[in-house]
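[1] Sequence plus the predicted model coming up.
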Amino acid sequence: MWEMVARRQSRSERSNNVVNYSRCLGHLSVIPSPHPSVSMSPPLPQTGAWLVIGLAVGLMLMLGGTAPKAPILLLTLGLATGATALAGTVVLPWLRRLKMGQIIRREGPQAHLKKAGTPTMGGIFFLPVAPVLTVFVLLWQKQALSPELWAVMALTLACGGIGALDDWLILQAQSNQGLAPRAKLALQILAAVGFTLWLWWQGHLPTTVALPGGITWNLGLAFWVLVGFVPVAQSNAVNLTDGLDGLAAGTCAVALAGLGAVCAVTHPDLSVLAVAMAGACLGFLVHNHHPARVFMGDTGSLALGGALAGIGIVTQQLWLLLVLSLLFVWETVTVMAQVFYFKATKGPDGVGKRLFKMTPYHHHLELSGWSETQIVACFWGIEALLWLGSRLA
């Protein structure tokens, strides 16, 4: 992990700054910028809704055209989408009554200030849908519930619980100070270690990774380190990507559906879970597309990262997970590169240079004049291309 740079500045200085931050670690880095905020042109009405419809059609084509046992996976996708969308209509008024409004960083893009007060912690209504529906579908199909399935669901819920605690503390303090960064990281590591030990105790901890061309790479004891690292890295990377309406939910939906399609034969129960998670993301997008009526918060983003990591590990599809996670990796790399370059070029006045206008990278695009829907559509399209490329390989 990395250490963020922080400097005290006057209000007049702060108005000309851009921010580079990692919400997953709770650090804030303010880096001076000569560029004023770029005003965004408003998107066309209902553009966000049409994007969600297009994503739904794409996921159905992905599963229907490539996945074994496509009918049951398509049914799972539809049920999860409908259940989550319905749950959102019930939970959203409750979140508003409890005043669970998002706290917006003033140092971030100025266009985001109007989002202050939008309900957050939306993960609490889409996260439970996938495990419950998975168990229901598997029992209906008279399939066994494997120890690996329980382990992945436990990891997902544990990561979601850590995120919920962080969200709750932020809302109670009415600031961006939730869990202490070290405490948050320690809890994530504890969840990853518990996941690893459970698989080992049950005798289901794999030590191999499937590579393109039918090659299998046996990592031996090194796989233990990888299993401990991947859930932490994946959950934080998804958390960083969750910065625009629908961005994280849509990209995760494609990645989860891709994993579910690939492991449908070898791990049918985990395939159902992956597709149920994808459907939950799709149902969440009914309320989260631009302009969003709810945000998933760390409750949702950390859980989605945990689910991706757990499924990739147990199905031995870490190579596929890496390919499907390249967008998340890029978002993380831009944050790390921005901080490193700022520190490396810092002069006697304490001011360094920047590689990007703001990080993560989607904020750089915002300040370059892109609208939220343009960025989201581009990221979703790239994620779909990554999945197609992985299938060709």
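    Arrived safely, thanks for sending.
[2] what's the closest non-adjacent residue to the residue nearest the centre of the chain?
    In the chain, the C-alpha nearest the mean C-alpha coordinate belongs to Val238, at 3.0 Å (CA atoms, centre = their mean). Of all residues not flanking Val238 in the chain, Gly305 sits nearest, at 3.7 Å (CB to CB, 6 or more residues apart in numbering). C-beta: built from backbone N, CA, C; applies to glycine.
[3] list the helices and strands the helix or strand hosting the one you found packs on?
    Using DSSP states H and E, Gly305 maps to helix 297-314. The helices and strands touching helix 297-314, judged by 3 or more CB pairs under 8 Å, 6 or more residues apart in numbering; DSSP states H and E, are helix 123-126, helix 147-173, helix 181-201, helix 222-241, helix 247-262, helix 268-288, helix 318-324.
[4] What ranges in the stretch 1-150 of the chain fall below the confidence cut-off?
    The model of the stretch 1-150 of the chain has pLDDT under 70 over residues 1-45, 103-108, 110-111, 113.
[5] so how far is the helix holding Gly305 off the chain centroid?
    How far helix 297-314 lies from its chain's middle: 7 Å, per CA atoms, centre = their mean, to the nearest Å.
[6] just to revisit the earlier point, residues in contact with the residue nearest to the centre of the chain?
    Counting by CB atoms under 8 Å, 6 or more residues apart in numbering, Val238 makes contact with Ala248, Cys252, Ser301, Leu302, Leu304, Gly305, Leu308, Phe328.
[7] and these, which are buried?
    Buried by 16 or more other CB atoms under 10 Å: Ala248, Cys252, Ser301, Leu302, Leu304, Gly305, Leu308, Phe328, out of these.
[8] Could you let me know which of those ends up closest to Asp349?
    For the buried ones among the contacts of Val238, the residue nearest Asp349 by CB to CB is Phe328; the value is 34.7 Å.
[9] can you tell me the helix or strand for Ala210?
    Going by DSSP H and E, Ala210 is part of strand 208-211.
[10] Strand partners (parallel or antiparallel) of that strand?
    strand 215-218 (antiparallel) (DSSP bridges).
[11] surely Asn176 meets Ile170?
    Yes: counting by CB atoms under 8 Å, Asn176 does reach Ile170; the two are 6.2 Å apart.
[12] Those two: which is more packed in?
    Ile170 (22 against 15; other CB atoms under 10 Å).
[13] Which phi and psi values does the residue of the chain positioned farthest from its centre adopt?
    Computed with CA atoms, centre = their mean, the residue of the chain farthest from its C-alpha average is Pro348, at 38.2 Å. Main-chain torsions, Pro348, degrees, to the nearest 10: phi -60, psi -30.
[14] Tell me who's in contact with Leu63.
    With the criterion set at CB under 8 Å, 6+ apart, Leu63 makes contact with Ala70, Leu73, Leu74, Leu77, Ala257, Gly260, Ala261, Val275.
[15] of the residues you listed, closest to Thr84?
    Using CB to CB, Leu77 comes nearest to Thr84 of those, at 11.0 Å.
[16] Count the residues that sit near the residue nearest to that closest one when sequence neighbours are not counted.
    The shortest distance from Leu77 to any non-neighbouring residue, by CB to CB, 6+ apart, is to Gly279 (4.3 Å). Applying other CB under 10 Å, we find 33 other residues in the vicinity of Gly279.
[17] measure Gly279 to Gln188 for me?
    To Gln188, Gly279 is 26 Å away according to CB to CB, to the nearest Å.
[18] Likewise for Gly246?
    For Gly246, the distance to Gln188 - CB to CB - is 25 Å.
[19] now swap in Leu221 and tell me
    In terms of CB to CB, Leu221 sits 22 Å off from Gln188.
[20] higher neighbour count, these two?
    Neighbour count, other CB under 10 Å: between Leu221 and Gln188, Gln188 has more, with 23 against 7.
[21] Which pLDDT value does the model give the more buried one?
    If you check Gln188, the pLDDT there is 97.
[22] Repeat that for Cys159.
    pLDDT, read off for Cys159, is 97.
[23] what's the closest non-adjacent residue to it?
    Cys159 sits nearest to Gly306 (CB to CB, 6+ apart), 3.3 Å away.
[24] Go ahead and confirm that neighbour touches Gly160.
    Yes: contact criterion CB under 8 Å: Gly306 and Gly160 qualify, at 7.3 Å.
[25] Pick out whichever of those two has more residues nearby.
    The neighbour count for Gly306 versus Gly160, taken as other CB under 10 Å, is higher for Gly306 (31 against 28).
[26] any idea how far Cys252 is from that one?
    For Gly306 relative to Cys252 (CB to CB), the value is 11 Å.
[27] What of Lys114?
    Distance from Lys114 to Cys252, by CB to CB: 25 Å.
[28] quick revisit: can you redo the helices and strands packed on helix 297-314 as a markdown table with distance to Thr207?
    Listed next are these as a markdown table, based on distance: least, CB to CB, whole Å:
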| stretch | distance to Thr207 |
| --- | --- |
| helix 123-126 | 32 |
| helix 147-173 | 14 |
| helix 181-201 | 10 |
| helix 222-241 | 4 |
| helix 247-262 | 20 |
| helix 268-288 | 18 |
| helix 318-324 | 11 |
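[29] Out of those helices, the one nearest Phe356 is which?
    It's helix 222-241; of these, that one is closest to Phe356 (CB to CB) at 13.3 Å.
[30] Please tell me how far that closest one is from the chain's geometric centre.
    The answer for helix 222-241 is 12 Å, by CA atoms, centre = their mean.
[31] Now do it against helix 181-201: the angle between them, please.
    Interaxial angle, helix 222-241 versus helix 181-201 (axes from the mean of the first three to the mean of the last three CA atoms, to 10 degrees): 140 degrees.
[32] For helix 222-241, which residues meet the burial criterion?
    By neighbour count on 16+ other CB under 10 Å, the buried set for helix 222-241 is 223-224, 227-228, 230-241.
[33] what's the answer for stretch 88-96, then?
    Neighbour-count burial for stretch 88-96 flags Gly88, Val91, Leu92, Leu95 (criterion: 16+ other CB under 10 Å).
[34] what does stretch 378-390 give?
    Neighbour-count burial for stretch 378-390 [16+ other CB under 10 Å]: Phe379, Trp380, Glu383, Ala384, Leu386, Trp387, Ser390.
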